[in-house]
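A.B. asks: coords please:
(one chain, ligands or ions: 1)
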Amino acid sequence: MLKPPVAIVMGSQSDWPTMRHAAETLESLEVEYEARVVSAHRTPARMVDFATNARAEGFKIIIAGAGGAAHLPGMIAAMTPLPVFGVPVRSKALNGLDSLYSIVQMPGGVPVGTLAIGEPGAINAALLAAAVLALNDDDLADRLDAHRARQTQSVPQFPSDIE
Ligand SMILES: Nc1c(C(=O)O)ncn1[C@@H]1O[C@H](COP(=O)(O)O)[C@@H](O)[C@H]1O
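C.D. replies: Residues are numbered from 1 along each chain as shown. This is a model prediction of the structure:
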């Protein structure tokens, strides 16, 4: 059985409130995914197993979220040819700046596509993953267009005092 096209991995269960926004965005676009907790620090063998087998298992894109010393996306990128999108999870001590810098500053040669800190980054990682998959899937491209159109429709022309 081939895996779904998108893997969402995160360093800790505590990242799920952020990363579930990626999951929900994929669901809204009818893109299948599998979510897993994998940590470079706490479960290194699980991470190696996941990253080295991800392509053979059928995954096409990996979304990796982590906070603090966020080595997970980069370490996974080092062990797979699949595109990796990194989501810096907001940390308590440094508000996610540590996560962002850890993920974005990869050495040349091993890319991680780094998104914004927190929920917007998780949503955009999913939209980016869907856009890549849509290159070979016209129905998904249509669903992405519809998503954009709904978003545009939902923006009011004028501000309102009603919250
Ligand atoms: N950055 C990493 C990695 C990793 O990069 O492998 N593993 C866990 N973590 C992060 O530690 C933070 C605190 O985790 P806990 O809440 O479990 O203490 C989480 O944001 C997680 O992503």
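A.B. asks: Which helix or strand contains the most centrally placed residue in the chain?
C.D. replies: For the chain, the residue nearest the mean C-alpha position is I63 (3.1 Å; Cα atoms, centre = their mean). According to DSSP states H and E, I63 maps onto strand 61-67.
A.B. asks: got a list of contacts for the helix or strand just after that strand?
C.D. replies: With elements assigned by DSSP H and E, the helix or strand that comes after strand 61-67 is helix 72-78. Here helix 72-78 makes contact (Cβ atoms under 8 Å, 6 or more residues apart in numbering) with 9-11, 38-40, 47, 50-51, 54, 62, 64-66, 84-87, 102-103, 106, 110-112, 114. For glycine as for every other residue, the C-beta is placed from the backbone atoms N, C-alpha and C.
A.B. asks: Kindly report the residues of the chain close to the ligand.
C.D. replies: 10-12, 14-15, 39-42, 66-72, 89 (Cβ under 6 Å from any ligand atom).
A.B. asks: For this structure, which segments count as strands?
C.D. replies: 6-10, 33-37, 61-67, 84-89, 113-114 (DSSP state E).
A.B. asks: possible to save those as CSV with mean pLDDT?
C.D. replies: Below are the strands of the chain laid out as CSV (pLDDT from 0 to 100):
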stretch, mean pLDDT
strand 6-10, 98
strand 33-37, 98
strand 61-67, 98
strand 84-89, 98
strand 113-114, 98
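A.B. asks: which of the ones you listed sits most buried?
C.D. replies: strand 84-89 (a mean of 30; mean count of other Cβ atoms under 10 Å).
A.B. asks: residues near W16, how many?
C.D. replies: If you count neighbours by other Cβ atoms under 10 Å, W16 ends up with 16.
A.B. asks: got it, and F158?
C.D. replies: 4.
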